[in-house]
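**Student:** pasted the sequence and its predicted model underneath.
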Amino acid sequence: MNYKLSPSDLTFLYDGCRRCFYLKVKMGLSQPSIPLPSIFTKIAGLLKTHYDGKRTEELHHQLPPGIVKYGEKTIQSDVIRMGGHKDTCFIKGRFDVVVEFDDGSFGVIDYKTGNPDSKFSGLYGRQLHGYAYALEHPSPGSICLAPVSLLGLLYFRPSEVSQRDIRRLSFDSDIHYVPVERNDGQFRKFIEEVLRLLESPMPPEPAPDCQWCAYLSKLGKH
């Protein structure tokens, strides 16, 4: 088997319920999706349009000099093979933004709306590592941007409201940049852990607090 791994699934779905992760990746049985509120889609689109083509100095002062060059592109890695494993996998997803630095390297940045939370940095780091791997080891025909020298999260947290007239209300946001340390060895160990899970002939036990697994269990379909 050659499993498709979505970078976003390697975060909260994998840690939230590995049974649900197994069923989705191996058997195509997904949890019911909750549509993203349209306001967040609108915010993401506005951010992409606003920063597209701008210098990193306008994005955040902690970033190395460069230009915001690529936004919301689908990428796919080449096949990932691990010693001792008969099955393989590949990474396919869609990143928020990639910056091209003046030194010729690239940075993968994810936009977040809300308060920075250090406890989620590790989870989001998996997602960013997935994007970086796919960009540096692309499948034939997929975009290649290498080397990736930086991974980070850019948080926008609404902080103030201003009103110019009766028809116009504006939200000002604090901007926080959270760097994510790159550790390719740790990421490969994580992917190997994922492969071990998927190679198991039976799915793991559900997470104790997984409401979807509890619901299916009551229906006698799990």
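**Tutor:** Sure thing, it's come through.

**Student:** wait, what's in contact with the closest residue to residue 56 other than its chain neighbours?
**Tutor:** Leaving aside its sequence neighbours, residue 56 sits nearest to residue 63 (Cβ to Cβ, 6 or more residues apart in numbering; 4.1 Å). C-beta: built from backbone N, CA, C; applies to glycine. Applying Cβ atoms under 8 Å, 6 or more residues apart in numbering to residue 63 gives the contacts 56, 57, 99, 107, 150, 152, 177.

**Student:** ok, now residue 112?
**Tutor:** If you count contacts by Cβ under 8 Å, 6+ apart, residue 112 has them with 124, 153, 154, 155, 156.

**Student:** do residue 71 as well
**Tutor:** Residues counted as contacts of residue 71 (Cβ under 8 Å, 6+ apart) are 48, 51, 52, 96, 97, 98.

**Student:** same thing but at 6 Å, please
**Tutor:** By Cβ atoms under 6 Å, 6 or more residues apart in numbering, the contact set of residue 71 is 48, 52, 97.

**Student:** what does residue 105 give?
**Tutor:** Contact analysis of residue 105 by Cβ under 6 Å, 6+ apart lists 147, 149.

**Student:** if I look at it, how far off is residue 147?
**Tutor:** According to Cβ to Cβ, to the nearest Å, residue 105 and residue 147 sit 5 Å apart.

**Student:** same deal with residue 166?
**Tutor:** Distance from residue 166 to residue 147, by Cβ to Cβ: 52 Å.

**Student:** more neighbours: the two, which one.
**Tutor:** Neighbours around residue 166 and residue 147, counted as other Cβ atoms under 10 Å, are more numerous at residue 147. The numbers are 11 against 6.

**Student:** quick one: contacts for residue 213?
**Tutor:** Residue 213 makes contact with 19, 206 under the criterion Cβ under 6 Å, 6+ apart.

**Student:** how near is it to residue 50?
**Tutor:** In terms of Cβ to Cβ, residue 213 sits 41 Å off from residue 50.

**Student:** all helices for the chain, in order.
**Tutor:** Ranges of helices in the chain, per DSSP state H, are 12-16, 18-27, 38-51, 56-59, 121-136, 184-199, 211-219.

**Student:** which one, of those, ends up nearest to residue 173?
**Tutor:** helix 38-51 (9.6 Å; Cβ to Cβ).

**Student:** show me how far that closest one is from its chain's centre.
**Tutor:** Helix 38-51 sits 17 Å away from the centroid of its parent chain (Cα atoms, centre = their mean, to the nearest Å).

**Student:** sweet, I'm off.
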